[in-house]
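> Structure of the sequence below:
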Amino acid sequence: MATQDTVAELTTDDAPVKAPGLEGVIAVESELSFIDGQKGELIYRGYDIHDLAEHTTFEEVVYLLRHGSLPSQAELDEFRAHLQSERALPSPVMDVLRNVPDDAHPMAVLRTAVSTLGLYDEEADMTEEAANHRKADRILAQIPTIIAAFDRLRKGLDPVSPLDHGSMAHNFLYMLNDEAPGEAAEEIFDVCLVLHADHGLNASTFTSRVIGSTLSDMYSAVSGAIGALKGALHGGANQEVMRMLLDIDETGADPAGYVKERLAEGERIMGFGHRVYDTMDPRAAILRGMVKELSEEAGEMKWYEYTSAILETMKEETGIDPNVDFFSGSTYYQLGLAPDLFTTIFALSRTAGWTAHLLEQWADNRLIRPRAQYTGQHNRTVTPIEER
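Below you'll find the predicted structure:
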């Protein structure tokens, strides 16, 4: 397998390197986020994720990823005001949401709606940097409106118009539930958005950069990234974790015994293991505390107890640590989100990273074009059709 030190000189046309899943291959250079898998460290633009989660808001992190520095109060106020002004959806996009099947996969709806947004943006195909920043703002501001409107419409409820003030976390929870969220819920949801904002060259981010490298538009790139995130091996894992917890709760199963039985049957326990981290995902460590805080606030500790028992059992049985999906599921559930919406929240947050990566890609673009190793036949000749 190619290493980071050797890949640049080995991946030439004369000596291509085979790396299944592109593991260990450096495809691009980026200043956005750094991951140390052995230490369990995640950094955005030089700031440790624990520091950002404790001391900044999601909007500050979006600004950081886009511009390379944390905003001043004046810069943050201006940025927030622009995001707030872009929250409303074009009426044709709302019509799309009114006409999708009630049982449609929320990520499929989000992918379709974001793609549709591009039809009604006069700047969709403009390539100037300033226009790309404005489009990034629109997409980020309108995705929460899409998610909340779809969820209410499928429940037979009227969509709630977005607020022209307040944080993105506050506005989303308000549109979803038609009431202002509590302070703790808003703060915890905001931290969740911070934790998921970027994570190196993961599958969806790589997808967005590949699309962007063709000089396609931002709406196409973000729609493609949403499609990649929809998969169970990427963003869909947190939904599967919650399904497991609900199954444990509904059946009254012992969490430790439940996990041991599934392991004995050769089944995979979702929410554990990571391609990059050799230890606990640092985002998981932060979210674990939130699950406990929410459980204590609700006066019901079962979700924290279930996850703690599963964590201990998995450590004893497999030595595998949890990833961010393991705790994000029960966090979102306690905030009142339906399990099938979990991955859309991941997409909401990760849009910050996708759009920042696109801006970085376009600043010094090169078409991303890896090679495939051909394993088929050679020297075949065509038999006339009447002889086949």
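
> which other helices and strands contact the lengthiest helix in the chain?
The residue-count maximum for a helix in the chain (DSSP state H) belongs to helix 129-154. On a contact count with 3 or more C-beta pairs under 8 Å, 6 or more residues apart in numbering; DSSP states H and E, helix 129-154 meets helix 58-67, helix 73-85, helix 91-99, helix 106-117, helix 168-177, helix 218-229, helix 342-363. C-beta here means a position set from N, CA and C on the backbone, and glycine is covered the same way.

> try 6 Å
helix 73-85, helix 91-99, helix 106-117, helix 168-177, helix 342-363 (3 or more C-beta pairs under 6 Å, 6 or more residues apart in numbering; DSSP states H and E).

> Just name the most buried of the ones you listed.
Highest mean neighbour count among the helices and strands packed on helix 129-154 (mean count of other C-beta atoms under 10 Å): helix 342-363, with a mean of 24.

> Contacts made by that one with the rest, please.
Helix 342-363 has contacts (C-beta atoms under 6 Å, 6 or more residues apart in numbering) with 32, 62, 65-66, 106-107, 110, 132, 136, 140, 143-144, 147, 193, 196-198, 205, 208-209, 212-213, 218, 221-222, 225-226, 229, 235-236, 238-239, 332.

> how about stretch 273-287: buried residues?
Using 16 or more other C-beta atoms under 10 Å as the burial criterion, the residues of stretch 273-287 that qualify are 273-274, 276-277, 280-287.

> what do you get for stretch 59-73?
For stretch 59-73, the neighbour count (16+ other C-beta under 10 Å) marks 59-66, 70-71 as buried.

> Please state the offset of it from the chain centre?
Its chain's C-alpha centre and that of stretch 59-73 lie 19 Å apart, by C-alpha atoms, centre = their mean, to the nearest Å.

> Quote the end-to-end distance of that stretch.
When the termini of stretch 59-73 are compared using C-alpha to C-alpha, to the nearest Å, they are 12 Å apart.

> just stretch 267-274 next, same as before
Using C-alpha to C-alpha, the end-to-end distance of stretch 267-274 comes out at 17 Å.

> burial measure for residue 259, as a count.
Residues within reach of residue 259, counting by other C-beta atoms under 10 Å, total 25.

> Read off the pLDDT value for it.
Residue 259 is assigned 95 on the pLDDT scale.

> next one: residue 268
Listed pLDDT for residue 268 reads 88.

> For residue 257, see how far away it is.
Noted for residue 268: a distance of 17 Å to residue 257, by C-beta to C-beta, to the nearest Å.

> ok, now residue 46?
Separation of residue 46 from residue 257 (C-beta to C-beta) stands at 45 Å.

> Is residue 157 part of a helix or strand, or is it coil?
coil (DSSP: H, G, I helix; E, B strand; the rest coil).

> What pLDDT does the model give it?
Looking at residue 157, its pLDDT reads 97.

> swap in residue 24?
For residue 24, the model assigns a pLDDT of 69.

> do the same with the one 5 residues further on
The predicted local confidence for residue 29 comes out at a pLDDT of 92.

> give the contact list for it.
Contact criterion C-beta under 6 Å, 6+ apart gives no residues in contact with residue 29.

> tell me the secondary structure for it?
Strictly by three-state DSSP, residue 29 counts as coil.

> where's it relative to residue 357, distance?
Noted for residue 29: a distance of 11 Å to residue 357, by C-beta to C-beta.

> Thank you kindly, that will do.
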